[in-house]
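Let me see the structure of the following:
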Amino acid sequence: MKKLKYIITCSVLLTGLVSGCYYDETAVFQGLPQNVSLKNDVMLIFNNSCNTAGCHDAEGSHSPSLVADQAFDALISGQYINTVEPEKSRLYLELNAGMPPSGPLSANEMKIILGWITDGAKDN
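Purely as a prediction, here's the structure:
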């Protein structure tokens, strides 16, 4: 009988710990960041994941060019940004669909990009 109580107690505690870990992880990503800067926030993501040689670089391998001096104009003129319905922005949809090929962006990086679009996709 003691062994059964011990097993039940351990199961309940283990379930609580696992559930608690999941909750803590999701709480980090609540809401969108505000005042996101293209230069200081979004370009870091593009530089690390998108504008490498053979991808969205200055050579025009793939559109749009996501190098610092071309990214804003390329995103706007190519209609990759929808500030009225940010989740329907072509940039956001393509990133959600599996770009970049080197591996998906983290949930935090996706929220930074969506936050920038939601804030009006300013050239800042």
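
hang on, Gly120 packs against Thr83?
Yes. The pair Gly120 / Thr83 is scored as a contact, 5.5 Å apart, by CB atoms under 8 Å. Where you see a C-beta, it was placed from the backbone N, CA and C, and this is true even at glycine.

At the geometric centre of the protein, which residue do we find?
Geometric centre of the chain, nearest residue: Met110, 1.2 Å, by CA atoms, centre = their mean.

give me the element Asp57 is part of.
Using DSSP states H and E, Asp57 sits in no helix or strand.

Just give the nearest non-adjacent residue to it, would you?
With sequence-adjacent residues excluded and distances taken as CB to CB, 6 or more residues apart in numbering, Asp57 is closest to Asn51, at 5.2 Å.

show me the contacts for that neighbour.
Asp57, Ala58, Ser65, Leu66, Val67, Ala71 (CB atoms under 8 Å, 6 or more residues apart in numbering).
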